[in-house]
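K.L.:
Take a look and give me a structure for this.
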Amino acid sequence: MSLRSGAAALLLFLTAVAASAPIAATEESPLTGIELPRIGFPAFVAPGGGIGIRLVGEVSVVAARIENEFGEYELSLEGATLTDGRTEVEAVLPPEAPPGLYDLVVELEGGEVRREPNSVAVLEDLDPPFTVFWISDTHYDNRPGQLHQAAQFVRDIWLINFLRPDFVIHTGDVCNNPHEVIFQGVRRLMPSFDVPVILIPGNHDHSIKGVPFVRYLAPSNLSLDIGPDVHVVSVDTGPGSLEGRLSVDQVEWLDRDLSASNATVKIVLFHHPPWNLEATPGANSDTVIQLMAERGVTAALSGHMHENYVYTEPILMVTNPNSYGDVEKAVEKAIPGYRIFTIEPDGGLRWLGGVEKPIPLNWFEVEHYQVNDGSAGGFSAKVVNRSPWPINGTLVARISGSGSVQAEGGTLLEVRESRLGYSVAYVTVTVPPGQEKVVKVWAAEDSSPPTVEFHAEPKVGGTVVIRVNLTVRDDVLGVSEVSLWVSTDGQSWREVELLRLDEDTFLATTQVPREVGQARFRVEALDLSGKSTTLEEVVSWGALTGPTVETGEEEVQLPLWVLGVAILAAATAVAAFKLRR
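P.N.:
So this is what the prediction gives:
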């Protein structure tokens with residue numbers, strides 16, 4: 001997807017992905033066979049500039065290019081090195097490659113094609129100021145019972161794309177647990193970012209069964225330069241649930257890396273705070289902090305604690321809280337949020353609202369009502385501002401059809417045609433403090449009500465637990481409201497709370513008495529043009545004597561005492577895990 005110049009110009013430039021030889025954290029291979037650049041550790045380059053490409057395996061590269069929704073550009077290959085089971089290639093962009101965020105596509109001899117999404121950012125300005133959106137501890141989780149964390153991750157993307165910072169920093173615990181399905185979920189969402197993202201792993205991103213963080217997202221223990229003035233270092237502090245841990249090799253590498261950099265601004269990224277490391281001789285907190293002070297580190301940014309900490313001596317050390325919790329229920333020190341700061345031309349850091357406190361998670365909200373993939377004839381979103389400052393941003397709407405694009409609630413700046421057959425409209429929006437706006441963009445009239453797809457899965461036990469999955473879509477502007485009701489007698493109705501996972505997916509769980517045999521559901525959906533749809537469905541279940549398990553051959557009835565033991569064991573495991581942050 002595209003990066004667009006605006007009031008905050010695209011100012012990133014990466015002259016080298018790795019400033020010095022990295023400390024290998026793992027031998028896990030990336031999903032695409034491209035080690036660098038990555039979707040969570042992109043390369044930044046000016047038109048006509050060069051990037052380093054590192055591939056898994058000793059292979060012969062035939063061609064390489066960058067692609068996004070607006071174009072594709074062939075890279076000139078200037079040599080390859082085969083060492084230690086890897087292939088490193090230098091590639092040069094054509095001068096006509098416009099600013100944007102691109103996929104890297106590499107073609108190998110024999111016909112194999114490797115693609116790493118959102119891994120090359122082409123930029124037009126190389127010097128600060130840079131605006132940085134810094135987030136930590138998102139704990140994305142797409143498993144039942146944790147889907148509110150997946151929904152919040154989606155909204156983080158919507159907000160970041162609206163604010164359009166120069167780049168994003170995420171200081172670990174991207175995922176809630178190192179299950180493969182969770183990393184797959186994050187990987188599917190990452191291409192939705194319109195700006196470059198730098199990820200480092202946290203303790204929840206580590207697994208004893210492999211290294212899914214490296215496989216799906218990014219490497220660690222590497223550094224990159226953003227222009228000649230800014231140096232960013234990624235440090236993996238390990239799987240510890242309380243304290244972080246660095247090896248002596250990591251500290252020695254960090255020393256070499258920082259010593260080799262002449263950047264004015266040096267930012268080191270940890271997950272565990274540097275003041276909370278295990279007392280490893282030669283790699284403890286005192287050693288690391290003193291080293292950073294001696295090497296001129298501007299700031300050490302971290303997460304993990306789910307609380308806000310700021311230390312200014314001997315260097316600036318800031319810890320972000322988590323970014324998925326409930327602001328209203330949190331104590332002052334642990335209010336979920338993030339920080340936005342600007343790297344100034346003189347090397348100073350200017351923090352929105354000051355460095356002492358993060359921005360609460362609910363101050364700025366962007367809610368999409370329509371999918372934004374070019375398949376609909378319009379788009380709409382609500383922008384909410386609960387902060388004391390005005391919020392300014394740009395909505396990027398991808399719209400199908402050939403009609404004239406119109407906008408309401410914002411200023412239509414530009415419409416570009418993508419090479420994929422849809423239009424891309426840029427709409428600037430300003431929302432004063434304490435207000436909200438609904439923004440609509442369309443190229444066709446909305447003449448049809450929304451459509452509803454209903455799926456339900458009953459689980460029969462002492463009561464019947466019914467999970468409902470709704471897909472509610474609209475042809476043009478999208479769906480603003482959906483409500484779900486349940487009845488066991490067809491006369492009295494009870495509203496069921498819905499979780500809006502993304503633009504068109506709504507989830508709910510409810511319980512009904514087992515003996516009634518069926519439940520009737522009613523769905524009411526309203527689109528942005530005021531058209532509505534009502535759908536009723538009946539969910540039935542048999543008169544079972546206990547929960548069933550499908551074995552592939554027959555259904556086995558589980559005695560309730562077996563279920564109780566299983567629940568007790570699961571609760572014990574969860575309690576043990578909760579000791580980890």
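K.L.:
pull the CA atoms of stretch 114-130 into PDB?
P.N.:
C-alpha atoms of stretch 114-130 as PDB (Å, rounded to 0.1, in the frame of the first residue of the first chain):
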ATOM      1  CA  ARG A 114       9.900 -14.700  -3.300                       C
ATOM      2  CA  ARG A 115       7.900 -11.800  -2.100                       C
ATOM      3  CA  GLU A 116       8.100  -9.800   1.200                       C
ATOM      4  CA  PRO A 117       5.200  -7.300   1.600                       C
ATOM      5  CA  ASN A 118       5.700  -3.700   2.800                       C
ATOM      6  CA  SER A 119       9.500  -4.200   3.100                       C
ATOM      7  CA  VAL A 120      10.800  -1.300   1.000                       C
ATOM      8  CA  ALA A 121       9.900   2.300   1.700                       C
ATOM      9  CA  VAL A 122      11.000   4.800  -1.100                       C
ATOM     10  CA  LEU A 123      11.300   8.300   0.400                       C
ATOM     11  CA  GLU A 124      12.000  11.700  -1.100                       C
ATOM     12  CA  ASP A 125      13.600  13.500   1.800                       C
ATOM     13  CA  LEU A 126      16.500  12.300   3.800                       C
ATOM     14  CA  ASP A 127      16.800  14.600   6.800                       C
ATOM     15  CA  PRO A 128      14.800  15.200  10.000                       C
ATOM     16  CA  PRO A 129      12.200  16.100  11.300                       C
ATOM     17  CA  PHE A 130      10.700  12.600  11.600                       C
END
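K.L.:
What residues of it count as buried?
P.N.:
Neighbour-count burial for stretch 114-130 flags 114, 116-123, 125-126, 128-130 (criterion: 16 or more other C-beta atoms under 10 Å). Backbone N, C-alpha and C define where each C-beta goes, glycine included.
K.L.:
average model confidence for it?
P.N.:
Summarised as a single mean, pLDDT over stretch 114-130 is 93.
K.L.:
before we move on, what about stretch 49-64?
P.N.:
96.
K.L.:
outside of it, which residues touch it?
P.N.:
For stretch 49-64, contacts defined as C-beta atoms under 8 Å, 6 or more residues apart in numbering pick out 13-14, 16-18, 29-30, 33-37, 43, 45, 74-75, 77-78, 80, 82, 85-93, 104-109, 112, 114, 120.
K.L.:
ok, of those residues, which come out buried?
P.N.:
Buried residues within these, defined by neighbour count using 16+ other C-beta under 10 Å: 13-14, 17-18, 30, 33-37, 43, 45, 75, 77, 80, 87, 89, 91, 93, 104-106, 108, 114, 120.
K.L.:
which ones among those are found in strands?
P.N.:
If you go by DSSP state E, the buried ones among the contacts of stretch 49-64 have 34-36, 43, 45, 77, 80, 87, 89, 91, 104-106, 108, 114, 120 in strands.
K.L.:
The stretch 451-581 of the chain: helices as residue ranges?
P.N.:
Taking DSSP state H, counting those that start in this stretch as the criterion, the stretch 451-581 of the chain contains helices spanning 560-578.
K.L.:
Would you mind measuring from the closest residue to residue 462 other than its chain neighbours to residue 33?
P.N.:
The spatial neighbour of residue 462 that comes closest, neighbours along the chain excluded (C-beta to C-beta, 6 or more residues apart in numbering), is residue 514 at 6.9 Å. Here the distance between residue 514 and residue 33 works out to 51 Å (C-beta to C-beta, to the nearest Å).
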